[in-house]
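Trainee: okay, structure incoming, though there's no sequence with it:
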């Protein structure tokens, strides 16, 4: 079990609990301005719990998400978001500054979330545009990150863009796919996970994330065939259904499962490890206690 790398857990929902701020558009980014040091405190708590890799709080820092106006997918019904695009570089810098809290105690993975919106393959821009947007973030994070972690990839086209962008830096590139909660053999796009192997084999590691724990084994079987280190970090949300995706809602509209405490979650993780996974952790609605439970099972 010494070969297993432990990632951290969720960021956004844990920050809501700690800050006392309600979930709203770009709240995980705003919290770095309103509560400086809080993200770094959470990074440290994850390392204390056993995490060997922490992910920067940069998942939502994309130009399209920061752009103002009611047309922004993250604005919500009738909401006109202020324009934060001018703060793009500064916010990425803040995320890296917060990660300095664990410098030397854990590896730092520069988190790069999806363009458009989480889980929505239909919002991914054309390839050349996507590569340029992903590469801008990757190049900003790379000088201070040990790894570039492209998260919640919903389609094979998006994965190609992420890989091409990441390869414009000298950092290892990890690709992490979000899969169908009801059918773990498929990506959120509906494409077979097995078809993603053609892209995944050229990454430095491949994972599945932000999907139901129960769906992960069906995804890990084909991902293992990529021939690179693989693993998973699931969420503890109630199921992300097709109706939820069709409704254009965001993570603030989801709720936590009551049956996915640290012990129950660790049971799932140990099953993934039995399948050969060597990189494991948690995603949304998991916290330091979940990571500590995993570390305990591994005798860390």
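Mentor: Yep, that arrived. Predicted model only: the values in this text are computed from it and were never measured. Numbering: from 1, shown residues only.
Trainee: need the contact list for residue 228.
Mentor: 200-201, 203-206 (Cβ atoms under 8 Å, 6 or more residues apart in numbering). No exception for glycine: its C-beta is placed from N, CA and C like everyone else's.
Trainee: wait, a strand at it?
Mentor: No - using DSSP: H, G, I helix; E, B strand; the rest coil, the assignment for residue 228 is coil, not a strand.
Trainee: may I have the phi/psi pair for it?
Mentor: phi -120, psi 160 (degrees, to the nearest 10).
Trainee: so it versus residue 205, what's the distance?
Mentor: 6 Å (Cβ to Cβ, to the nearest Å).
Trainee: pLDDT-wise, which helix or strand of the chain ranks last?
Mentor: Ranked by mean pLDDT, DSSP states H and E, the weakest helix or strand in the chain is helix 242-246, scoring a mean of 53.
Trainee: tell me the first helix or strand C-terminal of it.
Mentor: Sequence order places helix 262-274 as the next helix or strand after helix 242-246, per DSSP states H and E.
Trainee: which residues of the stretch 1-150 of the chain fall in helices?
Mentor: Ranges of helices in the stretch 1-150 of the chain, per DSSP state H, counting those that start in this stretch, are 12-19, 27-34, 38-49, 63-66, 88-99, 127-141.
Trainee: mean pLDDT lowest where, among those?
Mentor: Lowest mean pLDDT within the helices of the stretch 1-150 of the chain: helix 27-34, a mean of 80.
Trainee: what packs against it?
Mentor: With contacts taken as 3 or more Cβ pairs under 8 Å, 6 or more residues apart in numbering; DSSP states H and E, helix 27-34 sits against helix 12-19, helix 38-49, helix 88-99.
Trainee: distance from stretch 116-135 to the middle of the chain?
Mentor: 15 Å (Cα atoms, centre = their mean, to the nearest Å).
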